[in-house]
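>>> need coordinates for the below:
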Amino acid sequence: MIRRTAITALLVLSATACTSVETGSSGIATPDTSTSSSVTASSDGGGVRTSAWFRDQMDGQQKNLLLPVTSGAEETTLGPISPSSTAYTLLAECEGSGSVRIDTDPAEKPEKVRCGVPTLGVVLVDRRGYQTVTITPSDGVKKWTIAILDGLHSA
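Residues are numbered from 1 along each chain as shown. Below you'll find the predicted structure:
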């Protein structure tokens, strides 16, 4: 079992809206997203429609992607990923009236990201190894998008 400690990197997008991504530990699971019509992946983000904030954060970061930028509308587990250092960074956003739950450990409380509030979260990993990230949308989510970057990045 891999133990992680979460650091919150808050990105304030308005006077009242701020959020974070927090993670725990996880096993290895590899979904077969190639047969799912609700998941789209693009290594350069070009096949995935994103906000201006998301594109700005991704500018020049394609070489640091642990997985292609991915979007969908259903629950999806991404990975396994293997960070080269003791941290990785999540960029997440969703469209609609709900929220998405981002979780890397079913035993830990997952963090909710509200739609309309793009989020940057830094995950510290106590030791290197394979990780997974599960995205679970609530009712009202039209689409979620996530990028997983190797290492520590900030807004």
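>>> what about the strands in the protein?
For the chain, strands defined by DSSP state E occupy the ranges 4-7, 39-42, 69-72, 76-81, 87-96, 99-103, 111-114, 119-125, 131-137, 141-150.
>>> mean pLDDT lowest where, among these?
By mean pLDDT, the lowest-scoring of these turns out to be strand 4-7, with a mean of 35.
>>> can you tell which of the strands of the chain is closest to Phe54?
strand 87-96 (5.7 Å; CB to CB). To be clear about C-beta, it is placed using only N, CA and C from the backbone, and glycine gets the same treatment.
>>> of the strands of the chain, which is nearest Ser51?
Using CB to CB, the nearest of these to Ser51 is strand 87-96, at 5.9 Å.
>>> helices or strands next to that closest one in the packing?
The contact analysis (3 or more CB pairs under 8 Å, 6 or more residues apart in numbering; DSSP states H and E) places strand 87-96 against helix 52-58, strand 99-103, strand 111-114, strand 119-125, strand 131-137, strand 141-150.
>>> now the closest residue in space to Leu91 that isn't next to it in sequence: how far from Thr70?
Excluding its sequence neighbours, the residue lying closest to Leu91 (CB to CB, 6 or more residues apart in numbering) is Ala147, at 4.3 Å. Per CB to CB, to the nearest Å, Ala147 is found 8 Å from Thr70.
>>> and what of Val100?
Distance from Val100 to Thr70, by CB to CB: 12 Å.
>>> if we can go back for a sec, tabulate the helices and strands packed on strand 87-96 (JSON lines), appending mean neighbour count.
Shown next, in JSON lines, are those (neighbours: other CB atoms under 10 Å):
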{"stretch": "helix 52-58", "mean neighbour count": "16"}
{"stretch": "strand 99-103", "mean neighbour count": "22"}
{"stretch": "strand 111-114", "mean neighbour count": "20"}
{"stretch": "strand 119-125", "mean neighbour count": "22"}
{"stretch": "strand 131-137", "mean neighbour count": "22"}
{"stretch": "strand 141-150", "mean neighbour count": "22"}
